[in-house]
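Student: Output the structure for:
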Amino acid sequence: MRFMVLVKADKNSEAGVMPSEKLLADMGTYNEELMKAGVLLAGEGLHPSSKGARVRFSGAKRTVVDGPFPETKDLVCGFWIFQVKSREEAIEWVKRCPNPDFGAELTQELRASEQRMRDQLAAKNATKK
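Tutor: Numbers count the residues shown, from 1 in each chain. Next up, the predicted model:
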């Protein structure tokens, strides 16, 4: 079963504030655990809504509305896609996640570690096709 885990936006993520170095390191460790367990299919942080747009559909008409969007409760700032055996297993993995409170900038070392993880996921997903 696949599950999408959404990380809700808040005023800090919408302001483009990066998580603290410690949180980023903890998230990296968590993501490594997910990968080693074969659970993580994908995961990313997302840009704030100020860099986004919404496309509204009304019959054949399409209307584009540029961000930012005021209601952060309706916004997502990141996600994971898990491949697990059950809803309960997905929930257990989410309970292990570090609490995503925001703070300082992503270091070069953490950025490199995150890129290695993305490369590994891309290679894994390419072999499945």
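Student: how much space between Phe82 and Ala25?
Tutor: 21 Å (Cβ to Cβ, to the nearest Å). For every residue, glycine as well, the C-beta is placed using N, CA and C.
Student: So for these two, which sits in the more crowded spot?
Tutor: Shown here are Phe82 and Ala25; by other Cβ atoms under 10 Å, Phe82 has more neighbours (21 against 17).
Student: Can you tell me the element that one falls in?
Tutor: Secondary structure assignment for Phe82, by DSSP states H and E: strand 76-83.
Student: And that strand, what does it pack against?
Tutor: Strand 76-83 sits against strand 2-8, strand 40-45, with contacts defined as 3 or more Cβ pairs under 8 Å, 6 or more residues apart in numbering; DSSP states H and E.
Student: change it to 10 Å
Tutor: Helices and strands touching strand 76-83, by 3 or more Cβ pairs under 10 Å, 6 or more residues apart in numbering; DSSP states H and E, are strand 2-8, helix 11-14, helix 21-36, strand 40-45, helix 87-95.
Student: do you know which of those lies nearest Gly59?
Tutor: Among these, strand 2-8 comes nearest to Gly59, with 28.9 Å by Cβ to Cβ.
Student: now that closest one: mean pLDDT?
Tutor: Mean pLDDT, computed over strand 2-8, is 94.
Student: Tell me which residues of the single longest helix found in the chain come out buried.
Tutor: Criterion DSSP state H: the longest helix present in the chain is helix 108-128. By neighbour count on 16 or more other Cβ atoms under 10 Å, the buried set for helix 108-128 is 110, 113-114, 117, 121.
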